[in-house]
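1. predicted structure and sequence below. I'll ask about it afterward.
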Amino acid sequence: MIPERLVLATANRGKIVELGDLVADWGPVAVTALDAFPGVCCPEETGESYEENAVAKAIAAVKGTGLPALGDDSGLEVEVLGGAPGLRSARWAGASATDADRIAKLLEALRAVAVPARGARFRCVVALAWPDGGVVTAAGECAGMVAQAPRGTGGFGYDPVFIATELGRTFGEASADEKRHLSHRARAVRALGRRLATLHAGAGPC
């Protein structure tokens, strides 16, 4: 079932905006950011999969707030780099790196790679954890390729260099509406909403 209220298990401002907007499609859900609960923070991303990290974040937020919590983990997987940066997308250029630093490292790694060989995909897993211990997950992905230089000023993370196949432009050039329909995170949240809607009211998320 769809929760009446939930907390977003992330401190990433870009994700807070996107997730809040996407969850609104589920119906009248009151969404609260994690920073509304001083002292509650997300665990480090030490899992071996996107799902492990998303679940760990959601469970930590539930324990700290007592509310249903939505966690997510995502990454950019570049074929010629063997799937890197992948799970380490946020930390690939170092713990204190900026989005610009991460993009610069990616473009340098692909400097000698021709555009046709720059195939990539964004992947995301979202997890909704409940105070009773139940957890529901869903995944989404978006295929594309890495541009040769940043394009556009929208989005965050690797968005300015990810050309979505279905869009033909980078997520940095996409409108908010285009991204909310095509992105890996949008697809994961929609899939999760469909799963939650099928759960019998009162039966719990197990």
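-> Yes, it's here.

2. which parts of the chain are helices?
-> 13-23, 50-65, 99-109, 176-182, 184-198 (DSSP state H).

3. please work out which of those is packed deepest.
-> Most buried of those, by mean neighbour count (mean count of other CB atoms under 10 Å): helix 50-65, with a mean of 22. No exception for glycine: its C-beta is placed from N, CA and C like everyone else's.

4. residues contacting the spatially closest residue to Gly39 that is not a sequence neighbour?
-> Leaving aside its chain neighbours, Gly39 sits nearest to Gly64 (7.4 Å; criterion: CB to CB, 6 or more residues apart in numbering). Listed by CB atoms under 8 Å, 6 or more residues apart in numbering, the contact partners of Gly64 are Phe37, Gly39, Val40, Cys41.

5. ranges for the strands of this protein?
-> Remark: strands assigned in the chain by DSSP state E are 5-8, 30-33, 69-78, 119-129, 135-146, 162-164.

6. could I get those strands in a markdown table, plus columns for distance to Ala60 and mean pLDDT?
-> A markdown table is the format used below for the strands of the chain (distance: least, CB to CB, whole Å; pLDDT from 0 to 100):
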| stretch | distance to Ala60 | mean pLDDT |
| --- | --- | --- |
| strand 5-8 | 11 | 96 |
| strand 30-33 | 15 | 94 |
| strand 69-78 | 8 | 96 |
| strand 119-129 | 9 | 98 |
| strand 135-146 | 12 | 98 |
| strand 162-164 | 28 | 97 |
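
7. out of those, nearest to Ile59?
-> Of all the strands of the chain, strand 119-129 sits nearest to Ile59, with 4.9 Å by CB to CB.

8. from Ser96, how far off is the residue nearest to Gly39?
-> 25 Å (CB to CB, to the nearest Å).

9. cool, Glu44 as well?
-> When Glu44 is compared with Ser96 (using CB to CB), they lie 14 Å apart.

10. for Pro131, same thing?
-> Distance of Pro131 to Ser96, given as CB to CB: 34 Å.

11. more neighbours, these two?
-> More crowded of Pro131 and Ser96, by other CB atoms under 10 Å: Pro131, with 13 against 7.

12. and the more buried one, backbone torsions?
-> phi -60, psi -20 (degrees, to the nearest 10).

13. dump the residue contacts of it.
-> Neighbours of Pro131 in contact, by CB under 8 Å, 6+ apart: Val62, Gly66, Leu67, Pro68.

14. biggest separation within these, which pair?
-> Pairwise distances across those peak at 9.3 Å for Gly66 and Pro68 (criterion: CB to CB).

15. who's more crowded, the two?
-> Pro68 (24 against 11).

16. my guess is that one contacts Trp130. True?
-> Yes. Using CB atoms under 8 Å, Pro68 is in contact with Trp130, at 5.2 Å.

17. leaving out chain neighbours, which residue sits closest to Ala56?
-> Closest to Ala56 by CB to CB, 6+ apart is Pro43, at 5.2 Å.

18. can you report how many residues neighbour the one you found?
-> 14.

19. and the pLDDT at it?
-> Confidence at Pro43, expressed as pLDDT, is 84.

20. for it, what are its contacts?
-> Ala56, Lys57, Ala60.

21. so how far is Ala129 from it?
-> Distance, Pro43 to Ala129, by CB to CB: 13 Å.
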